[in-house]
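In: I would like the atomic coordinates for the input below:
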Amino acid sequence: MTLTKQDVFVAARAAFQDAEISEVMAVIAMYGTEPYEREIERVQIATIELSGGSKDKLIQMVKAAKSDYRDVLAWQQLGPYSPDVGAKLQATAKALTDKWGDIQTT
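Out: Residues are numbered from 1 along each chain as shown. Predicted structure coming up:
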């Protein structure tokens, strides 16, 4: 299914209050301005869905998409981790950074 700008607008209206729509659409429009930013409408809808109705989170998601749009699409598709899985991943990451912090170069 091909997504359109109208689909993006409908997603924005579903996630944000009417008074915020023009500002939200301006933030969303920041993605898709560069030639390497692909799947514009799909990524814009993903950023809206991942924002959970928070403008601050929307800005974070658009920035992430501009860095690598595939991250945003993966986050949308996979959904959030359970608290147990998140805690395990954080513990693993901390163990690695602790280990790397002990490496000394000469």
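In: what's the distance between residue 98 and residue 81?
Out: Residue 98 sits 21 Å away from residue 81, going by Cβ to Cβ, to the nearest Å. Using the backbone N, CA and C atoms, a C-beta is placed for each residue, glycine as well.
In: likewise residue 69?
Out: From residue 69 to residue 81 the distance is 21 Å (Cβ to Cβ).
In: Looking at those two, which is more packed in?
Out: Taking other Cβ atoms under 10 Å, residue 69 and residue 81 do not tie; residue 69 has more neighbours (22 against 12).
In: In PDB, list the C-alpha atoms belonging to stretch 43-55.
Out: Presented in PDB, the C-alpha positions along stretch 43-55 are these (Å, rounded to 0.1, in the frame of the first residue of the first chain):
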ATOM      1  CA  VAL A  43       8.800   7.200   8.100                       C
ATOM      2  CA  GLN A  44       6.700  10.300   9.000                       C
ATOM      3  CA  ILE A  45       3.800   8.100  10.100                       C
ATOM      4  CA  ALA A  46       6.200   5.900  12.100                       C
ATOM      5  CA  THR A  47       7.600   9.000  13.900                       C
ATOM      6  CA  ILE A  48       4.000  10.100  14.800                       C
ATOM      7  CA  GLU A  49       3.100   6.700  16.100                       C
ATOM      8  CA  LEU A  50       6.300   6.400  18.200                       C
ATOM      9  CA  SER A  51       5.800   9.900  19.600                       C
ATOM     10  CA  GLY A  52       2.800   8.800  21.600                       C
ATOM     11  CA  GLY A  53       1.300  12.200  21.200                       C
ATOM     12  CA  SER A  54       4.300  14.000  22.700                       C
ATOM     13  CA  LYS A  55       5.800  16.900  20.600                       C
END
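In: Now do it: distance to the chain's middle.
Out: Offset of stretch 43-55 from its chain centre (Cα atoms, centre = their mean, to the nearest Å): 7 Å.
In: Need the contact partners of that stretch.
Out: 3, 7-8, 11-12, 15-16, 20, 23-24, 27-28, 31-32, 37, 57-58, 61-62, 65, 69, 72-73, 75-76 (Cβ atoms under 8 Å, 6 or more residues apart in numbering).
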